[in-house]
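Undergrad: any chance you could fold what I've pasted below:
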Amino acid sequence: VQLVESGGALAQPGGSLTLACAASGLSFDRYGLAWFRQALGKEREFVAAITWDWRNHYTDSVKGRFAISRDNAENTVYLQMNSLRPEDTATYYCAAEISSSLSSSPARYEYWGQGTQVTVSS
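TA: Purely as a prediction, here's the structure:
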């Protein structure tokens with residue numbers, strides 16, 4: 001199983017970025033998917049999750065600004081990030097879990113990508 005993130009970049013406050021995570025080696029449409037992030041010196045934290053049937057869940061700090069989506073034909077999950085803030089700066093990771101539980105706990109996820117860096121700064 002391989003998860004490969006892309007789309008991380010330097011963005012200005014108030015700007016937008018779209019992250020993508022391409023998956024291979026698993027039955028993608030059966031898995032729940034999530035995005036987590038980890039800022040320097042901090043623990044990994046949950047950002048958003050989406051189930052195989054498109055239910056979703058967000059951490060409070062990104063509600064109304066971020067949107068998670070999936071394309072089962074392309075085996076890809078996306079994170080559209082709008083109204084970016086400096087506190088969104090982190091390495092963003094995608095993760096996959098067979099139980100599709102919308103869990104915010106990293107321990108529930110069986111597979112992880114290597115991460116993509118998002119920096120929000122003027």
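Undergrad: what sits closest to the residue most central in space within the chain if chain neighbours are left out?
TA: In the chain, the residue lying closest to the centroid (Cα atoms, centre = their mean) is residue 35, at 2.2 Å. Nearest residue to residue 35, sequence neighbours excluded (Cβ to Cβ, 6 or more residues apart in numbering): residue 47, at 4.3 Å. Any C-beta I mention is one placed from the backbone N, CA and C, and that applies to glycine too.
Undergrad: for the one you found, what are its contacts?
TA: Residue 47 is in contact with 34-37, 58-59, 62, 66, 79, 92, counting by Cβ atoms under 8 Å, 6 or more residues apart in numbering.
Undergrad: can you check residue 78 too?
TA: For residue 78, the contacting residues are 18-21, 68-71, by Cβ under 8 Å, 6+ apart.
Undergrad: ok, those residues vs residue 113, which is closest?
TA: When the contacts of residue 78 are ranked by distance to residue 113 (Cβ to Cβ), residue 21 comes first, at 5.8 Å.
Undergrad: okay, the nearest residue to residue 21 once chain neighbours are set aside and residue 111: tell me how far apart.
TA: Leaving out its chain neighbours, the residue that sits closest to residue 21 by Cβ to Cβ, 6+ apart is residue 94, at 3.4 Å. According to Cβ to Cβ, to the nearest Å, residue 94 and residue 111 sit 9 Å apart.
Undergrad: do the same with residue 7
TA: Applying Cβ to Cβ to residue 7 and residue 111 gives a distance of 19 Å.
Undergrad: also residue 10?
TA: 28 Å.
Undergrad: neighbours of residue 81, how many?
TA: 25 (other Cβ atoms under 10 Å).
Undergrad: what's the pLDDT at it?
TA: Looking at residue 81, its pLDDT is 98.
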